[in-house]
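Asks: Need coordinates for the following:
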Amino acid sequence: MCTGKCSRCVGLSLVSLSLVCIVANALLLVPDGKTWSTNQLSLQVLLMAGFIGGGLMVLCPGIAAVRAGGKGCCGTGCCGNRCRMLRSIFSSAIGVLGAIYCLGVSGAGLQTGPKCLVDDKWDYHFRETEGAYLFNRTQWYLCEEPPNVVLWNLTLFSLLVVASCLEIVLCGIQLVNATVGVICGDCRKKCASPHLLY
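Replies: Okay, here's the model as predicted:
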């Protein structure tokens, strides 16, 4: 596959995954579909890792990769493509950092558990279990408010973990692909020059 086509495929995948992360982070802010005050939400939710890290910091490399795979305003021909590929290298490096941030915060969110109300006290009641609560569903219903917050956080943080892992892999692929594109150029078929048509 040509570096241009590969960039386009990777870029479209990164854009899709970044939008998934943004939506997942937005849903984490409204457990059970209701708004709660910031002191009733866990730190990992408030760090906005899905919005900032897996979202915006990956959306930009995704768009850069799509542009690197097509014709843009950076010039035409070999030089224009190499310029776009070089820009994609730097964007992908930023994307890797964003995805790692998202992965780290989401993993910590899964291990610590949600902040919830138990016996009139808002706290991280599953912190001491070090993630063992994930396999003990009877503990999930100890939280009185927000209702079903454990399942809510488990689903969305797991989605962020999977999405950010895929983003790391795809940004890594784009780093290699764009480097090859800068060094070797794109293998797409060139159009015949106008003077050769006569």
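Asks: Please enumerate the strands of this structure.
Replies: Assigned by DSSP state E, the chain shows strands spanning 116-118, 121-123.
Asks: buried stuff in the first one?
Replies: Read that as strand 116-118. Neighbour counts using 16 or more other Cβ atoms under 10 Å place 116, 117 of strand 116-118 among the buried residues. Using the backbone N, CA and C atoms, a C-beta is placed for each residue, glycine as well.
Asks: Verify the stated contact: residue 34 with residue 147.
Replies: No - assessed by Cβ atoms under 8 Å, residue 34 is found out of contact with residue 147, at 9.1 Å.
Asks: Which one of these two is surrounded by more residues?
Replies: In terms of neighbours (other Cβ atoms under 10 Å), residue 147 is the more surrounded of residue 34 and residue 147; the figures are 14 against 9.
Asks: For the residue nearest to residue 152 when sequence neighbours are not counted, give me its contacts.
Replies: On the basis of Cβ to Cβ, 6 or more residues apart in numbering, the spatially nearest residue to residue 152 that is not a chain neighbour turns out to be residue 31, at 4.8 Å. If you count contacts by Cβ atoms under 8 Å, 6 or more residues apart in numbering, residue 31 has them with 41, 114, 146, 148, 149, 152, 153.
Asks: What's the ChimeraX line that selects buried ones from the residues you listed?
Replies: Typed into ChimeraX, the next command selects the buried ones out of the contacts of residue 31 (criterion: 16+ other Cβ under 10 Å):
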select :41,114,146,149,152,153
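Asks: distance of the one residue sitting closest to the centre of the chain from residue 4?
Replies: For the chain, the residue sitting closest to the mean C-alpha position, by Cα atoms, centre = their mean, is residue 54 at 2.7 Å. With the distance defined as Cβ to Cβ, to the nearest Å, residue 54 ends up 26 Å from residue 4.
Asks: so how far is residue 14 from the nearest residue in space to residue 64 that is not next to it in sequence?
Replies: Once flanking residues are discounted, residue 64 sits nearest to residue 91: 3.9 Å by Cβ to Cβ, 6+ apart. For residue 91, the distance to residue 14 (Cβ to Cβ) stands at 10 Å.
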